[in-house]
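# Below is the sequence, then the predicted model.
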Amino acid sequence: MTEMATSSGEIERMEDRRLTALAGTAVAGMLVAGWAIFVYAPQDALQGPVQRIFYLHVASAVAAFGCFAVVLIGSVAFLWRGSQVGDRLGRAAAHVGLVFTTVTFVMGVIWAKPIWNWDPTQTWDARLTSTAALWVIYTGYLLVRRFAPPGRTAMRLAAVVGVIGFVDVPVVYFSVEWWRTLHPGPVLATPGGPAMPAPMVVAYLVTQVAVGFFCGVLVAIHYRLQARRDAAEARAVAAQLEFASAPETR
C-alpha cells in the first residue's frame with residue numbers, strides 16, 4: 001500500500017514538473033508573439049498602431065473556438081459512454097474558452113472604437129451579438145455544472161448545453177457573411193490569398209501558434225486541477241460512507 005502511494009506521488013510530481021515546463025514554454029511563446037506583433041510586423045498605413053490588436057483578437061477567437069470544440073467532444077463522450085474524463089475535459093476547456101472569448105470581445109470593442117467610431121450600444125452588429133451569445137452560453141454551461149444537483153445529473157445537463165451551445169460557433173464565424181455588419185470580412189482566408197503583406201501574415205501565424213499553445217497548456221493545467229478536486233471529493237465521500245457504516249460493524 002505504501003509503495004503504491006509512493007508511486008502515485010512520484011507520478012503526480014512528474015506531471016507537475018511537465019506542466020511547469022510546458023507553462024514556461026507557453027510564456028516564452030507569448031513573448032515571441034509580442035515581439036512579432038510590436039517589432040516585426042509593419043504598422044498598418046491606414047489604421048495605425050491600433051491595428052496591432054488584430055493579431056491577438058483573431059488568435060484568441062480561434063483559441064476560444066478550439067476550446068468549445070473540446071467541450072463538444074467531451075460532452076459527446078459523456079453522453080455516449082458516461083466518460084468522466086470527457087466531463088472533466090469539457091469543464092476545463094469551457095473555463096479557458098470563456099477567458100479567450102472575453103479577450104476577443106474586449107479587444108474587438110477597443111479596436112472598433114477609434115477606427116469606426118463605433119458605439120455598441122447604438123449600432124447593432126451581428127458578430128458582436130453572436131459573440132456575446134457565445135459568452136452567455138458557456139457561462140451557462142459552467143453555472144449548470146456548478147449549481148445543478150451534484151453528480152451525474154449536473155454532468156448530463158452541462159453536457160447537453162455543451163453540445164447544443166456549439167451551434168453558435170459557426171454562427172459567430174459566418175456572421176459577417178450572413179448579415180450586414182460593420183465588422184470587416186475575412187482578410188486571411190480569401191479567394192485571392194491573404195489580403196495582408198507577408199510580414200503581417202507571418203506575425204499572425206506566430207501569434208496564433210503561441211496563443212494556441214498557451215491555450216492548450218491552460219486547459220491541461222485546469223484539467224489537472226479538476227482531477228485533483230474530483231479525487232479529493234471522492235475520498236471525502238468514501239470517508240463519510242466509512243464513518244456512517246462504522247457503528248454497524250461494532
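The structure has been received and is ready for your questions.
# host element of the residue most central in space within the chain?
Of all residues in the chain, the one closest to the mean position by Cα atoms, centre = their mean is Gly97, 1.9 Å from it. According to DSSP states H and E, Gly97 maps onto helix 84-116.
# Outside of the helix or strand that that helix is followed by itself, which residues are in contact with it?
Toward the C-terminal end, the helix or strand that comes next after helix 84-116 (DSSP H and E) is helix 126-147. Residues outside helix 126-147 that contact it (Cβ atoms under 8 Å, 6 or more residues apart in numbering) are 64, 68, 71, 90-91, 94-95, 97-98, 101-102, 104-105, 108-109, 120, 154-155, 157-158, 161-162, 165, 168-169, 171-172, 175-176, 178-181, 183. Where you see a C-beta, it was placed from the backbone N, CA and C, and this is true even at glycine.
# change it to 6 Å
94, 98, 101, 105, 120, 154, 157-158, 161-162, 165, 168, 171-172, 175-176, 179, 181, 183 (Cβ atoms under 6 Å, 6 or more residues apart in numbering).
# Which of these fall in helices?
Among the contacts of helix 126-147, the members found in helices (DSSP state H) are 94, 98, 101, 105, 154, 157-158, 161-162, 165, 168, 171-172, 175-176.
# For those residues, work out which two are farthest apart.
Spatial extent of those (Cβ to Cβ) is set by the pair Ala154 and Val176 at 36.0 Å.
# thinking again about what came up before, so what secondary structure elements neighbour the helix holding Gly97?
For helix 84-116, the elements it packs on are helix 53-81, helix 126-147, helix 198-249, judged by 3 or more Cβ pairs under 6 Å, 6 or more residues apart in numbering; DSSP states H and E.
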